[in-house]
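> What follows is a protein structure lacking sequence information:
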């Protein structure tokens, strides 16, 4: 375990083991109050909307830069949450400055284990915004300590890690949310309503696509081995960055962002964007886990980095009335857009539909029309376009009261349940991880949904859990 990172000059004393009432007193001292303001003293908001500490969620942030530059402010918007601890293996990485500048008084740590040991009594919830391979250990440690958790997508780096977190959510009863933010939006509500009204029904095929947007999907940047020969910056604790996973040499190809392209640490384009593209269909059509996954084409397949382009097929069984057997076709890379029959073009076949960088196309068994949506929070539309006039009232939807991040904080305070808790986000992650295993092996795989094991493929079953955790990290993978 590394030593605690040095706090910035002028930081207040560590909030260790003193509880919520202690924070009330520290708030007055830290902000120089000789007479405590009414919003602190009386436990209610003042005229400016300031909330007392007893009504704020005290947030520990594991991961401060990169995506966390948006997640931390999002979770703290409206003053319903306040950061009390920052944890990062590199406080000089891109994007870290904004959060440090906005909250210079917050205690800093390099190791989340040290942070939770020292400040656990003053933490209500934890955000985990780190590379995929370190999501699990930080999340399970927080949950075992009774902390609510918000975790970026994909939830975990392996199928088995997602399974353990879903079980932990049931056992510990904490609020959970996976960060596929479109799942709490007008687009999500609309899709759910369209399913409930029978407009999205009898779906037999789902085509999903994503254009290139990561380095390994550019032919001139491809590499087939882990890079070597670089020394990590002094600001980075490389051993902690690797966490429970195998240690490879430091490289700027890995930190701070390009780790997504490597099997050892990331989940490629499917893991990165799949949670934003197929999430509505997976949840509201109750797809569950596939029975078969096969590669249709993997361009420049190798054992270290994800393919230049991928085409996969997943087969889901019948799941009850209105939910027939369904195939999901995933295509990332150049020329990834689906072909559409001219009968679905608008204006009597003259204008083809336009596809953005990502999306899904859902095919009903009767072929009367198609359902198209992009990704994240985008609403769905019908093809041909004229069909939308027949369903214009059904296509209307209002956004939930709170956005994805705020809804997590409100749930921590006793409000409505989150829309992507681990029981939803975890199973979606497992679908993505099965696709990642198929990409890694470049083999057709038969999966038993009941036992959650592959049939007749020992190597694929090994990859469900991945390599054993490194020494010192085993405790997080033990039951209980």
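Received the coordinates, thanks. None of these values were measured; they are calculated from a predicted model.
> Pull the number of nearby residues for residue 90.
Neighbour count of residue 90, defined by other C-beta atoms under 10 Å: 21. Heads up, the C-betas are built off the backbone N, CA and C, glycines and all.
> what about the residue nearest to it when sequence neighbours are not counted, how many neighbours?
Of all residues not flanking residue 90 in the chain, residue 236 sits nearest, at 4.2 Å (C-beta to C-beta, 6 or more residues apart in numbering). Residues near residue 236, counting by other C-beta under 10 Å, number 20.
> Residue 236 and residue 88 touch, don't they?
No - the pair residue 236 / residue 88 is not scored as a contact, 9.6 Å apart, by C-beta atoms under 8 Å.
> Find out how far the top helix by length along the chain is from the centre of the chain, if you would.
Looking across the chain with DSSP state H, the single longest helix is helix 422-441. When C-alpha coordinates are averaged (C-alpha atoms, centre = their mean, to the nearest Å), helix 422-441 and its chain have centres 12 Å apart.
> If you count contacts, what does that helix end up packed against?
On a contact count with 3 or more C-beta pairs under 8 Å, 6 or more residues apart in numbering; DSSP states H and E, helix 422-441 meets helix 159-172, strand 176-179, helix 268-277, helix 279-284, strand 292-299, strand 309-316, strand 445-448, helix 458-465.
> Name all residues that make contact with the residue nearest to residue 466 when sequence neighbours are not counted.
Nearest residue to residue 466, sequence neighbours excluded (C-beta to C-beta, 6+ apart): residue 158, at 4.4 Å. By C-beta atoms under 8 Å, 6 or more residues apart in numbering, residue 158 lies in contact with 136, 433, 463, 464, 465, 466.
> Among the helices and strands packed on helix 422-441, show me which one is buried the most.
The highest mean neighbour count among the helices and strands packed on helix 422-441, using mean count of other C-beta atoms under 10 Å, belongs to strand 176-179: a mean of 28.
> Give me the buried stretch members for the helix or strand following that strand, please.
Going down the chain from strand 176-179, the next helix or strand is helix 186-196, by DSSP states H and E. Within helix 186-196, the residues that count as buried by 16 or more other C-beta atoms under 10 Å are 186, 187, 188, 189, 190, 191, 192, 193, 194, 195.
> Now distance to residue 111 and pLDDT too, for those residues, in JSON lines please.
Converted to JSON lines, the buried residues of helix 186-196 look like this (distance: C-beta to C-beta, whole Å; pLDDT from 0 to 100):
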{"residue": "186", "distance to residue 111": "40", "pLDDT": "98"}
{"residue": "187", "distance to residue 111": "38", "pLDDT": "98"}
{"residue": "188", "distance to residue 111": "36", "pLDDT": "98"}
{"residue": "189", "distance to residue 111": "40", "pLDDT": "98"}
{"residue": "190", "distance to residue 111": "43", "pLDDT": "98"}
{"residue": "191", "distance to residue 111": "41", "pLDDT": "98"}
{"residue": "192", "distance to residue 111": "41", "pLDDT": "98"}
{"residue": "193", "distance to residue 111": "45", "pLDDT": "97"}
{"residue": "194", "distance to residue 111": "46", "pLDDT": "98"}
{"residue": "195", "distance to residue 111": "44", "pLDDT": "98"}
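> from those residues, which is closest to residue 141?
For the buried residues of helix 186-196, the minimum distance to residue 141 (C-beta to C-beta) is 29.9 Å, reached by residue 188.
> Low-confidence regions, this structure specifically.
Along the chain, segments meeting pLDDT under 70 span 1-54, 348-349, 479-480.
> tell me, what residue is most central in it?
For the chain, residue 153 is the residue whose C-alpha lies nearest the centre (C-alpha atoms, centre = their mean; 1.2 Å).
> Could you give the bridge partners of the closest residue to residue 371 other than its chain neighbours?
The shortest distance from residue 371 to any residue other than its chain neighbours is 4.1 Å, reached at residue 362 (C-beta to C-beta, 6+ apart). Per DSSP bridges, the residues bridged to residue 362 are residue 206, residue 371.
> Quick check: residue 362 touching residue 370?
Yes - counting by C-beta under 8 Å, residue 362 touches residue 370, with 6.6 Å between them.
> Do a quick rundown of the strands in the stretch 51-200 of the chain.
Secondary structure of the stretch 51-200 of the chain (DSSP state E, counting those that start in this stretch): strands at 57-62, 81-87, 107-109, 125-128, 148-152, 176-179.
> hey, which of these is tucked in deepest?
Buried most deeply of those, by mean count of other C-beta under 10 Å, is strand 176-179, with a mean of 28.
> With that, I have no additional questions.
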